[in-house]
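# Provided below are the primary sequence and the corresponding predicted coordinates.
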Amino acid sequence: MSKKILVVGASGYIASRLIPVLLEKGHSVRCLARDPRKLARRAWINQVEVVQADVSLIDSLPPAVEGCEVIYYLVHSMSAGKQYDRLDQISARNLGSMAAMAGVGRIIYLGGLADREDEKLAPHLYSRLETGDTLRESGIPVIEFRSGVIIGAGSVSFEMIRALADQFPVLVGPTWLRNKTQPAATRDVVSRLVDALEIKDGISLTTDLGSDEVFSYIQIMLEYARISEKKRLSVLLPFIPPQWMAYFISLLTPVSYAYALPLVQGLKNDSLVQFPLPPEHFPQAAYLSYRQALELALAETNPQGSGQPWLDSDKKQSIGLYAGLAVDYQTFPNSAATNAIRLAEVWELEWLGKGWKILNKNENEDFFQGEFIHRDFGKLWLEVRSNILDNETIWERTICLRPSGAMGYWAFYWYRWIQRFRQGR
C-alpha cells in the first residue's frame, strides 16, 4: 500500500539510496532539507516534493510533517562540532513533538550500534541512543535500527577505511583499533529500512543491523586491502590521541575534522549486535558477507554508481574526494562552448592511441564521455556536456579518477594544490 513518507536528512548518504527504492515501490516521498539546492541535481528530484526546513528550528517543521504517515529520521549533528549531542536532542524533540501534533503514524530511525551499559561509551554513540529515546518520548511508535560500520561507496565510515588502506603500505593506529564490530552492507541497511514499512501499525521496536561476521576495526581495513589486491601491514601503538588521528583523517580522506573526531572516539567501543532482527517482523532478512559488501562497493565506485555528490553544491568548480573518486568538476558559460569541445577533442586525441576508450559522443558535439586506465594512477573518466541550469545554458566538465593506490591519491593531491595555486586560494 502506498504511503505518504517524509525523509528527514534527504541529502545524506543513506537517504540518497533509500529514496529511489521508496519511489520504485510506489510511495509518495517528501524530502526535508536545510538546503534544497543540494537535491537539485538528483535523478529523482522531479518525482519528490521538497520542503526546506531545519529540525533544530521547530517553527520550520509543520509544513514538512503535515499529512505524512511515516517519517524516516536520518540526521545527526556531528559535523556541527562542539555540543552536537545537545543539538541532536533538540532536533529529535522538535521533530517528535511536531510529528505527534500532525498525527504521524510511525518514525523509522537509523542510529548507532552501541552497548548502553558500557561505562566508557563514546559521546557520539551515546547521543545516537539518546536520540532514539527522545523520539519515543513523542508517543509515536518508533522502529529504531542501530548500525555500526556501513559498507558502501559514499558511506563515511567506508570512505575512511578505503582512503587510509589505499594510501599507506603500513597502517599505523591506536591499540583500540582491535575493538570489534559487525559491518553491514548499504544494500542490507536500506532493505531493512524499507521492510519496516510493513510492520503492523502501533508496534515499536529496537533492533541491530550487522552481519554474522565479527571483525576488529583493523581487520576491516586489512581485509579491504586484501580484497582490493593491496599488501598492507598494521602497527598499533598505545597513547595515540583521538585528536591526532582525526586530524590525520581529515587531511587524507573526504571526512572533515569535526565529523572525524566523534567517529574516531567511537572506535574505542565495541559495536556488536545485541538485538538481532526479530524473525516475526523480518522473515526474509539476510546479510551480504563483508567480502560481498566490499565487492559491491568497489563495483559502484564510478561516476554513475557514486550518485555524483559533487553536483550537490552550486559552486562553479569543485575539486575533492567523493565516494572513492578524485573529482575535478567545473562549469563555464555557453560562450565558452568552443573551449569545452576543444578540451574533449584534446583528451580524445592525446589518449586514443594509449588506451583511451570513447564511451559516447553525439553528432551535435554537446556531449562527450570517455575513460582511460592508467597503469600507475588508476581509472580515469572524462565527461563534457551542455546543460540548462536556472534557464541558462552552461557547460560542465567533469574529470573523475578512481585511484588504484597511493600514487593515484598523491597525484590528485598534487593536482589539487596546483589548481588552487593557480586560482590564488
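Ah, there it is.

# quick one, what contacts Arg128?
The contact partners of Arg128, by C-beta atoms under 8 Å, 6 or more residues apart in numbering, come to 76, 88, 111-112, 114, 146. (Glycine included, C-beta is placed from N, CA and C.)

# which of those residues lies closest to Val264?
Ranked by distance to Val264 (C-beta to C-beta), the contacts of Arg128 are led by Gly112 at 13.9 Å.

# now for whichever helix or strand Gly408 is part of, which elements pack on it?
With secondary structure defined by DSSP states H and E, Gly408 is part of helix 406-422. Judged by 3 or more C-beta pairs under 8 Å, 6 or more residues apart in numbering; DSSP states H and E, helix 406-422 is in contact with helix 156-167, strand 317-322, strand 325-333, strand 392-403.

# and stretch 368-379, what's buried?
Residues 368-372, 374, 377-379 are the ones in stretch 368-379 that count as buried (16 or more other C-beta atoms under 10 Å).

# closest one of those residues to Gly67?
Gln369 (41.4 Å).

# pretty sure the closest one belongs to a helix, no?
No - Gln369: not assigned to a helix; according to DSSP: H, G, I helix; E, B strand; the rest coil it is strand.

# and Tyr287, how far from Ser127?
26 Å (C-beta to C-beta, to the nearest Å).

# most tightly surrounded among the helices and strands packed on helix 406-422?
Counting by mean count of other C-beta atoms under 10 Å, helix 156-167 has the highest mean neighbour count of the helices and strands packed on helix 406-422, with a mean of 22.

# by contact count, what packs against whatever helix or strand comes next after it?
Sequence-wise, the next helix or strand downstream of helix 156-167 (DSSP H and E) is strand 170-174. On a contact count with 3+ C-beta pairs under 8 Å, 6+ apart, strand 170-174 meets helix 217-227, strand 233-237, helix 242-252.

# of those, flag the one that's most buried.
Taking mean count of other C-beta under 10 Å, helix 217-227 is the most buried of these, at a mean of 20.

# and for that helix, what's in contact with it?
149, 161-162, 164-166, 171, 173, 177-179, 181, 183, 215, 231-232, 234, 236, 267, 290-291, 294-295, 298.

# out of the contacts of Arg128, which are inside strands?
Members of the contacts of Arg128 lying in strands (criterion: DSSP state E): 111-112, 146.

# now flag whichever of those residues is closest to Glu119.
Taking C-beta to C-beta as the measure, Gly112 is the one of the ones in strands among the contacts of Arg128 closest to Glu119, at 16.9 Å.

# surely that closest one meets Gly148?
Yes - using C-beta atoms under 8 Å, Gly112 is in contact with Gly148, at 7.4 Å.

# got any residues that touch both of those two?
In contact with both Gly112 and Gly148: Ser271, using C-beta under 8 Å, 6+ apart.

# my guess is Ile394 contacts Asn387. True?
Yes - the criterion here is C-beta under 8 Å, and Ile394 meets it with Asn387 at 5.8 Å.

# need the phi and psi values for Phe275.
phi -120, psi 90 (degrees, to the nearest 10).

# from Gly210, how far out is it?
Separation of Phe275 from Gly210 (C-beta to C-beta) stands at 10 Å.

# the two: which is more packed in?
Neighbour totals were compared for Phe275 and Gly210, and Gly210 leads with 25 against 14 (other C-beta atoms under 10 Å).

# now for that one: which residues touch it?
113, 147-148, 181-184, 271-273, 287.

# what do you get for Lys230?
Here Lys230 is in contact with 165-166, 405 (C-beta under 8 Å, 6+ apart).

# Glu49: neighbour count?
Neighbours around Glu49, by other C-beta under 10 Å: 12.

# likewise for Pro63?
12.

# quick one: pLDDT of it?
Pro63 carries a pLDDT value of 95.

# for the helix or strand encompassing it, buried residues please.
Using DSSP H and E, Pro63 sits in helix 62-65. Using 16+ other C-beta under 10 Å as the test for burial, helix 62-65 gives 64-65.

# what sits up against whichever helix or strand comes after that helix?
Per DSSP H and E, the first helix or strand lying C-terminal to helix 62-65 is strand 70-73. Contacting residues not belonging to strand 70-73 are listed as 3-9, 15, 18, 65, 92, 95, 99, 104-110, 131, 135, 193, 197 [C-beta under 8 Å, 6+ apart].

# what of stretch 307-314?
Under C-beta under 8 Å, 6+ apart, the answer for stretch 307-314 is 11, 16-17, 37-42, 154, 318, 320, 322-323, 327, 329, 398.

# what's the span of that stretch, first residue to last?
16 Å (C-alpha to C-alpha, to the nearest Å).

# from the middle of its chain, how far away would that stretch be?
Centre-to-centre, stretch 307-314 and its host chain are 12 Å apart (C-alpha atoms, centre = their mean, to the nearest Å).

# with stretch 154-173 instead?
With C-alpha atoms, centre = their mean, you get 15 Å for stretch 154-173.

# what is the end-to-end distance of that stretch?
OK, stretch 154-173 end separation, C-alpha to C-alpha: 23 Å.

# rewinding a little: for Glu49, find the nearest of the helices and strands packed on strand 170-174.
helix 242-252 (35.4 Å).

# Provide the contact partners of that closest one at residue level.
Contacts for helix 242-252 (C-beta under 8 Å, 6+ apart): 160, 163-164, 167, 173-174, 255-257, 260-261, 263-265, 268, 409.

# buried subset of those as a PyMOL selection?
If you want just the buried ones from those in PyMOL, going by 16+ other C-beta under 10 Å, the selection is:
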select buried, resi 160+163+164+167+173+174+255+257+260+261+263+264+265+268+409
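
# Arg93 contacts Asp133, correct?
No - counting by C-beta under 8 Å, Arg93 stays clear of Asp133, with 10.4 Å between them.

# and the contacts of helix 242-252, which two are the farthest apart?
Among the contacts of helix 242-252, Lys268 and Tyr409 lie farthest apart (C-beta to C-beta), at 27.3 Å.

# circling back to that earlier point, and the helix holding Pro63, what does it pack onto?
Counting by 3+ C-beta pairs under 8 Å, 6+ apart, helix 62-65 packs on strand 4-8, helix 84-102.
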